[in-house]
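K.L.:
predicted model and sequence follow; I will ask about them next.
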Amino acid sequence: MRFSSISYLLREGFRSIWQNRVMAVAAIGVLLACLILTGGSYLVFVNVNHAFDTVYEQNVVVAYANIDATDKDIQSLKEQLEGVNNVRSVEYMSKDQILERYKDSFSTELFDELKGKNNPMQDAFLVTFNDLAQYDATVWQIQALSLVESVSSSAEIAKTLTQLRNIVLLAGGWIIVLLLLVSLFIIANTIKLTVYARRLEIGIMKSVGATNTFIRVPFMVEGMSLGLIAGLLAFGITYFVYNKLETMFTISAFTSMIPFGKIAVLLLIAYIIAGVVTGMVGSAISMNRYLRDEGRSVFE
């Protein structure tokens with residue numbers, strides 16, 4: 001196909017948008033709504049995942065060192081804990097630090113008496129895991145270390161959090177897939193209405209010998225253009241709404257939402273690709289059906 005023909009088809013696609021601007025606005029509105037719903041589902045998905053990650057970081061295991069452990073033993077135990085699979089971080093807390101943390105639980109006289117050699121606390125390590133699905137196995141590895149006297153853990157909490165997270169991630173993934181399919185279905189039917197409204201124009205083109213590809217390309221350009229516009233508008237609306245919600249729900253570090261800047265580029269690209277591809281595929285589906293079921297029977 002010559003460059004002049006390609007240029008003509010592109011111009012026809014853009015001209016068609018303006019000439020059929022009512023249908024174009026309808027198509028953009030439908031696709032915009034579907035993109036925002038899909039993008040909103042994704043944002044809920046990543047924020048729930050972020051919330052669970054935050055909770056995971058708060059859920060630590062306390063490994064107590066042997067009561068007679070020396071400074072050398074403490075350093076060795078720290079290195080052993082850091083070498084355990086699935087361990088994200090290890091924080092050492094001396095017996096004096098632990099006693100200081102519980103200072104308010106003792107009277108001043110008793111606290112002064114317990115400081116120093118009379119301190120009944122044990123040196124401990126706060127151990128954070130990467131994946132709570134491996135919680136039991138990791139705790140077992142820590143308990144097996146010779147310098148560890150005991151381990152304080154919350155196995156049931158970890159198990160419950162893991163189950164909740166899996167349910168939310170699975171449900172979020174299915175919602176996004178279903179909304180994308182709904183978007184494709186709606187845009188295909190919207191473009192079909194546009195094609196039907198221009199059936200006379202298509203008939204004239206076929207009567208002078210235009211090929212199906214020549215007829216199909218302007219509609220695909222139109223669908224891609226509408227998808228691009230819808231994607232950009234969806235990003236702008238999502239940016240505005242998300243920033244408002246982020247301001248409302250950011251109460252503390254624990255409850256904060258993911259900053260929009262961290263997902264803005266990915267979301268913009270996803271909106272543009274989803275809009276353009278949905279518009280193109282929807283137009284192709286509508287044109288193929290029309291040319292096969294109606295155009296062929298009337299004009300061939």
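P.N.:
Sure thing, it's come through. Numbering: from 1, shown residues only.

K.L.:
domain assignment for the chain?
P.N.:
3-55+161-295, 60-153 (automatic domain parsing).

K.L.:
mind putting these into a markdown table with mean pLDDT and mean neighbour count?
P.N.:
Quick note: C-beta positions are derived from backbone N, CA and C, even for glycine. Conversion of these to a markdown table gives the following (pLDDT from 0 to 100; neighbours: other CB atoms under 10 Å):
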| stretch | mean pLDDT | mean neighbour count |
| --- | --- | --- |
| domain 3-55+161-295 | 75 | 17 |
| domain 60-153 | 79 | 15 |
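
K.L.:
so Leu126, which of the three states?
P.N.:
strand (DSSP: H, G, I helix; E, B strand; the rest coil).

K.L.:
that one touches Ile98, doesn't it?
P.N.:
No: with contacts counted by CB atoms under 8 Å, Leu126 stays clear of Ile98, the gap being 10.5 Å.

K.L.:
show me the strands in this structure, by range?
P.N.:
61-65, 87-93, 124-129, 148-152 (DSSP state E).

K.L.:
reformat these as a markdown table; add distance to Ala27.
P.N.:
Output for those, formatted as a markdown table (distance: least, CB to CB, whole Å):
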| stretch | distance to Ala27 |
| --- | --- |
| strand 61-65 | 55 |
| strand 87-93 | 48 |
| strand 124-129 | 49 |
| strand 148-152 | 60 |
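
K.L.:
right, and those - which one's nearest Thr211?
P.N.:
Nearest to Thr211, of all the strands of the chain, is strand 87-93, at 60.8 Å by CB to CB.

K.L.:
surely Ser89 meets Thr128?
P.N.:
Yes: between Ser89 and Thr128 there is a contact under CB under 8 Å: 4.7 Å.

K.L.:
just the helices from this structure, written as ranges.
P.N.:
Using DSSP state H, the helices of the chain run over 3-19, 21-58, 71-82, 95-101, 108-114, 135-143, 155-197, 199-207, 212-249, 260-290, 296-299.

K.L.:
centroid residue for the protein?
P.N.:
Among the residues of the chain, the one closest to the centroid is Val46, at 3.7 Å (CA atoms, centre = their mean).

K.L.:
what lies in contact with stretch 262-270?
P.N.:
Here stretch 262-270 makes contact (CB atoms under 8 Å, 6 or more residues apart in numbering) with 39, 42-43, 46, 235, 238-239.

K.L.:
oh sorry, the question was meant for stretch 238-246
P.N.:
36, 39-40, 43, 256-257, 259-260, 264, 267, 271.

K.L.:
export it as CSV, just CAs?
P.N.:
Output of stretch 238-246 as CSV, limited to C-alpha atoms (Å, rounded to 0.1, in the frame of the first residue of the first chain):
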residue,chain,number,x,y,z
THR,A,238,-7.9,8.9,38.2
TYR,A,239,-5.1,11.3,39.1
PHE,A,240,-7.5,13.9,40.5
VAL,A,241,-9.7,11.4,42.4
TYR,A,242,-6.7,9.4,43.8
ASN,A,243,-5.0,12.5,45.1
LYS,A,244,-8.2,13.5,46.9
LEU,A,245,-8.6,10.1,48.5
GLU,A,246,-4.9,9.9,49.4
